[in-house]
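K.L.:
the following comprises the amino acid sequence and a computationally predicted model.
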Amino acid sequence: MIDKKSLIKLLNTHNLKYKLYTHPPLFTVEDSKNMRGKIDGAHTKNLFLRNKKDYFFLITCLENTLVDLKLLRKNLNLGNVSFAGEESLNELLNVSPGAVTPFGLLNDTNRKIKFYIDIKLNDFDSFNFHPLVNTATLNIKKKDFYNFFIDNDININLLNLDTFEIKNA
């Protein structure tokens, strides 16, 4: 399983530039707003969802985006969705609550999780995510993020949360 240390090593192996910021544990968007200081780029929130058929979904969007789960499930035909529990977070993403991140998809070796990223993130030059722990924030350039995921065979679905239109990254 990939953890923070092995993630950093993997990013370095790919010669990717990033900035790593350490801070007290952040559990909510409000925590992040209050304690992050001046970190450039898109600040995100990540929703890890599951439906009754045990399909899993990770939705990444700007931190201030309101996500209506009823509209999401209806428009994306996801079935009844709810937040995945702590056991699924640990087993599939190797994270604890408050540390959900797209980098956890590196641990989803069976590719059980469908990944959606809000297209509005593309208005920014860089993204901020937890590096598998909520005591740090990793800032990475948009292009490097996408290339890193492509290089690791992780499919990214670009989602417009206003229209629910989906495109491949």
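P.N.:
Happy to help now that I have it.

K.L.:
quick check: pLDDT value at the residue nearest to residue 92 when sequence neighbours are not counted.
P.N.:
Nearest non-adjacent residue to residue 92, counting by CB to CB, 6 or more residues apart in numbering: residue 108, 5.4 Å away. Just so you know, the C-beta spots here come from the backbone N, C-alpha and C atoms, and that holds for glycine as well. If you check residue 108, the pLDDT there is 96.

K.L.:
could you pull up phi and psi at residue 108?
P.N.:
phi -90, psi 70 (degrees, to the nearest 10).

K.L.:
quick check: it touching residue 95?
P.N.:
No - contact criterion CB atoms under 8 Å: residue 108 and residue 95 do not qualify, at 11.2 Å.

K.L.:
the two: who's more crowded?
P.N.:
Counted by other CB atoms under 10 Å, residue 108 and residue 95 do not tie: residue 95 has more neighbours, with 23 against 17.

K.L.:
could I get the contacting residues of the more buried one?
P.N.:
For residue 95, the contacting residues are 89, 101, 104, 130, 132, 133, by CB atoms under 8 Å, 6 or more residues apart in numbering.

K.L.:
could you redo the last one with a cut-off of 7 Å?
P.N.:
89, 101, 104, 132 (CB atoms under 7 Å, 6 or more residues apart in numbering).

K.L.:
before we move on, what about residue 42?
P.N.:
62, 121, 124, 126, 127, 128.

K.L.:
how long is stretch 119-138 from one end to the other?
P.N.:
20 Å (CA to CA, to the nearest Å).

K.L.:
need the residues that contact it.
P.N.:
With CB under 7 Å, 6+ apart, stretch 119-138 has contacts from 2-4, 7-8, 18, 20-27, 36, 39-44, 62, 94-95, 98-99, 101-104, 139-142, 145, 158-160.

K.L.:
show me where the protein has helices.
P.N.:
4-13, 29-35, 69-76, 86-88, 142-151 (DSSP state H).

K.L.:
closest to residue 48 out of these?
P.N.:
Comparing the helices of the chain against residue 48 with CB to CB, the closest turns out to be helix 86-88 (7.3 Å).
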